[in-house]
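>>> here is my input, please return the structure:
(2 chains)
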2 protein chains.
Amino acid sequence: MTPDEFRTNGYALIDWIAEYIEGVEQFPVASQVKPGDIRASLPAHPPAAAEPFSAMLKDLDELVMPGITHWQHPSFFAYFPGNSSYPAILGELATAGLGVQGMSWVTSPACTEVETLMIDWMQELLGLPAKFRSTSATGGGVIQGSASEATLTSILAARWRITDGAINVTGDTTKLVAYATSQAHSSIEKGLRLAGIGTAHLRIVPHDETFAMRPDDLARMVAADRAAGLTPFWVCATAGTTSSLAFDPVALIGAIAQRENLWLHVDAAMSGIAALAPEYRWVNDGLELADSYCTNPHKWMGVNFDCDLFYVADRGALLGALSILPEYLRSAAAESGAAIDYRDWQIPLGRRFRALKLWFTIRAGGAGDAIAMIRRHVELTQELASWVAVDDRFEIVAPHPLNLLCVRLVAGDSATDALIAAANDSGKALFTRTVLDGKVACRLSVGGRATEATHVRAAWDLLQSLASEG
Amino acid sequence: MTPDEFRTNGYALIDWIAEYIEGVEQFPVASQVKPGDIRASLPAHPPAAAEPFSAMLKDLDELVMPGITHWQHPSFFAYFPGNSSYPAILGELATAGLGVQGMSWVTSPACTEVETLMIDWMQELLGLPAKFRSTSATGGGVIQGSASEATLTSILAARWRITDGAINVTGDTTKLVAYATSQAHSSIEKGLRLAGIGTAHLRIVPHDETFAMRPDDLARMVAADRAAGLTPFWVCATAGTTSSLAFDPVALIGAIAQRENLWLHVDAAMSGIAALAPEYRWVNDGLELADSYCTNPHKWMGVNFDCDLFYVADRGALLGALSILPEYLRSAAAESGAAIDYRDWQIPLGRRFRALKLWFTIRAGGAGDAIAMIRRHVELTQELASWVAVDDRFEIVAPHPLNLLCVRLVAGDSATDALIAAANDSGKALFTRTVLDGKVACRLSVGGRATEATHVRAAWDLLQSLASEG
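Below is the predicted model:
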């Protein structure tokens, strides 16, 4: 592809994207294909000759699009939102165009320094504790790919701290015990497993009727483990759980963590971004006691996946756990201590210039846009809750302080399962099924960039009409 | 940003990228800034009001560019290449524009199915063993972000297999022992550490004068560990080491691995892509004995980072190690066994539609382009070696079957160090320092998409003239 062809094709793709995003409502929210359909529609073998770019755009429309579940659709109420925005898309494009590696400061200083600045801008915008700033004495932050990776990184730093670094030599994890509720994200169990803390040493701390951790139970379990000769080392508090957006009492958990020398990780992957709006800054309550924290601009802030902000109070533990320095990665800048090598703050070595999409988004007004969007989503969710409350076929099964509502049919699990399946099959909206305290529930996550009152109303009409048929 | 503004800004950015790539030779290869310079040039606080996109483009040119080390520069001979190409850049743009999550098949079936097809296209193009095809009875592949992650994933699958899955419950890694040479990539030690195999249980297998593993030593060390009551479980063979592109004898290592029930991982992150060209397909020798394998289209194939191909012969071990199934991730398609959920093939949960950039690249003629590029790079490297061979101030310190040449000054380490520093400071080319068997060497990695004979000649002229001055 020549530079001129790149220009022509690039313009065409830019147009295609704008048309896609502005027209996404024409598609069924969820792909209707069966396993294997998409592959069967594509050539089994690589092409023998080069094809024009127009062929790829045509195939995107005709062959790929039927296999897309549209995360940017305004009637996408499933999982959590995966917002994108025009400035962030351009940020990704600029990243690809520059094609630099940010594994070390020296491999492209701007890649590291813009990222460090974005970490501090976001600390300021979110009102996070100053100890997380990169300019603080011992803390700092990094952009990771996902909250899963942030969680694993937190576990590894905690593992290093509790063993005074011996873990790097011995690999002995057999005494270590971690704590979370059943409502914590699946990446907690996965991250612990990867780090050598099996399910036998993951304590599921009971939750209360709001699905929040019971700190007294945490304290009791920690004491029992210590009495049994084990070493409690890490606790995850979630600020906005996946199933129901429950908020663990971070301040109370933090007090126990401090007393018991547990590393406190706060997972606010979804809800942390709400702190952009002053009236929702309570989502940060207790963070001054956290050892590490993460939240995802790629969920509720219009920054394309992947963009997870991961902060630590003690970067020494992180570097202890993750630094490896072969000869071919040495640099004078890093050895002087004046530069950050972000490869030592994450699992992989290589890294893209991910800060550009956050920089572009904020500069294009993205923080203000996100505040307006967050307010709209929370208001729409509360309005939806008021409609559900007066339909006695339905019940609301969890608190809903922000933008997630969990509902079920009083008729029971099978009726609720059937309702979710029928709604999703309609293609008119998409919801996610979960189970809360043994009961099936339908999650309505109101988080689409383009989601307005009409879409929420239509989603509720759909559920109501299907409930009548069922 | 309105759709019309996105179009206008997008066209401008497309133009900017083409100008950057075509004009990259005007820049010094390595950034000349000092730690803190870039950050100091940027606003300390986020902007209070939205800025126009033109301000961002201007800042890219004026403030960011001085902090860029240009991986796409034709005189970039450092590290390994991180090639990009116009079709791959457009692939990244399409990925960002669609903004879908590929964590599960059901979250966007096309994201999974195009990826599975690319895995099989690449198996075919590279001539890899059929057992790695996704259509094989037990194997398959996935696109990971980096070889580091592929390595870790391989270790986790091996850890699961050797313990019959008990690791997920007990987390007990204290008996497990792994093997690699000192020439294996730093991500091997890091991956093992993360998985709970500390340096006390990483055996550094001696290498021969070509920097390749001595299989007899491997066999001896495995026997000694077994006699000591330990459990050998994983060996990494490298096809093209980072320091010198040494090739471990995979077939011989594989025979030992099979006999001793070790999981054999072959790390061909850099060199594996050479198998696109029939005359270099020897890089695959012995792969039929590998349990897992990785190579990076983001190094030598013009596909933007991140794009690592990771193949396994037994996907059961992978799924055993990495599957976690909370209620909110269940789907009928996955439970039927007809669909792949790639979240269970990797560390994080979330994932981008990374297959698009590989699909676009191959369809735009990228495999043929890569073959031509690989042949050119290897020829240029051999020509360079012939020049070095007749300058008796220099010596070549390792075999150079492909596109990496390691040289040093016979005057010794400090002279070689000074040479590398002076060459890199010149901004005219960029090399990486390494140490081979205790001696400092300068690596010349000939891998740039735009690197031609003139650039290699100029690099050699630079080294020669600096050697004269020194």
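
>>> list the contacts for the residue lying closest to residue A:166 once chain neighbours are set aside?
Computed as C-beta to C-beta, 6 or more residues apart in numbering or on different chains, the closest residue to residue A:166 that is not its neighbour in sequence is residue A:172, at 7.5 Å. (Each C-beta comes from the backbone N, C-alpha and C, glycine too.) Residues in contact with residue A:172 (C-beta atoms under 8 Å, 6 or more residues apart in numbering or on different chains) are A:163, A:166, B:173-174, B:196, B:198.

>>> gap between residue A:172 and residue A:305?
When distance is defined by C-beta to C-beta, to the nearest Å, residue A:172 is 36 Å away from residue A:305.

>>> please enumerate the strands of the stretch 251-400 of chain A.
All strands of the stretch 251-400 of chain A, identified by DSSP state E, counting those that start in this stretch, fall at A:263-267, A:292-295, A:308-312, A:394-396.

>>> go through chain A and flag its longest helix.
Ordering each helix of chain A by length in residues (DSSP state H) puts helix A:366-389 first.

>>> the strands of the stretch 251-400 of chain A: which one's closest to chain B?
When the strands of the stretch 251-400 of chain A are compared by C-beta to the nearest C-beta, strand A:308-312 sits nearest chain B, at 8.7 Å.

>>> now residue A:373. Nearest residue, chain neighbours left out?
Per C-beta to C-beta, 6+ apart, closest to residue A:373 is residue A:449, 6.5 Å.

>>> report the contact partners of the one you found.
Contacts of residue A:449 by C-beta under 8 Å, 6+ apart are A:72, A:74, A:81, A:83-85, A:302, A:373.

>>> please apply the same query to residue A:127.
Taking C-beta under 8 Å, 6+ apart, we find residue A:127 in contact with A:275, A:281, A:284.

>>> the residues you listed, buried ones only, as a ChimeraX selection?
Only the buried members of these end up in this ChimeraX selection, burial being decided by 16 or more other C-beta atoms under 10 Å in any protein chain shown:
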select /A:275,284
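
>>> gap between the longest helix of chain A and the chain center?
Offset of helix A:366-389 from its chain centre (C-alpha atoms, centre = their mean, to the nearest Å): 19 Å.

>>> which elements pack onto it?
Applying 3 or more C-beta pairs under 8 Å, 6 or more residues apart in numbering or on different chains; DSSP states H and E, one finds that helix A:366-389 contacts helix A:297-300, strand A:394-396, strand A:404-409, helix A:453-469.

>>> again, only this time at 10 Å
helix A:86-98, helix A:109-126, helix A:297-300, helix A:355-363, strand A:394-396, strand A:404-409, strand A:439-445, helix A:453-469 (3 or more C-beta pairs under 10 Å, 6 or more residues apart in numbering or on different chains; DSSP states H and E).

>>> the longest one packs against which elements?
To tie it back to what came earlier, the one meant is helix A:109-126. Using 3+ C-beta pairs under 10 Å, 6+ apart, helix A:109-126 sits against helix A:86-98, strand A:140-144, strand A:292-295, helix A:297-300, strand A:308-312, helix A:355-363, helix A:366-389, helix B:37-40.

>>> dump stretch A:379-390 to PDB, restricted to CA.
Provided in PDB are the C-alpha atoms of stretch A:379-390 (Å, rounded to 0.1, in the frame of the first residue of the first chain):
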ATOM      1  CA  GLU A 379     -30.700   9.600  36.400                       C
ATOM      2  CA  LEU A 380     -32.000   7.200  33.700                       C
ATOM      3  CA  THR A 381     -31.300   4.200  36.000                       C
ATOM      4  CA  GLN A 382     -33.100   5.800  38.900                       C
ATOM      5  CA  GLU A 383     -36.100   6.600  36.600                       C
ATOM      6  CA  LEU A 384     -36.100   3.000  35.400                       C
ATOM      7  CA  ALA A 385     -36.000   1.800  39.000                       C
ATOM      8  CA  SER A 386     -39.100   3.900  39.700                       C
ATOM      9  CA  TRP A 387     -41.000   2.200  36.800                       C
ATOM     10  CA  VAL A 388     -39.900  -1.300  37.900                       C
ATOM     11  CA  ALA A 389     -41.000  -0.500  41.500                       C
ATOM     12  CA  VAL A 390     -44.600  -0.100  40.400                       C
END
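
>>> state the mean pLDDT of that stretch.
Average pLDDT, stretch A:379-390: 98.

>>> check which residues of it are buried.
Buried, per 16+ other C-beta under 10 Å, within stretch A:379-390: A:380-381, A:384, A:388.

>>> sweet, I'm off.
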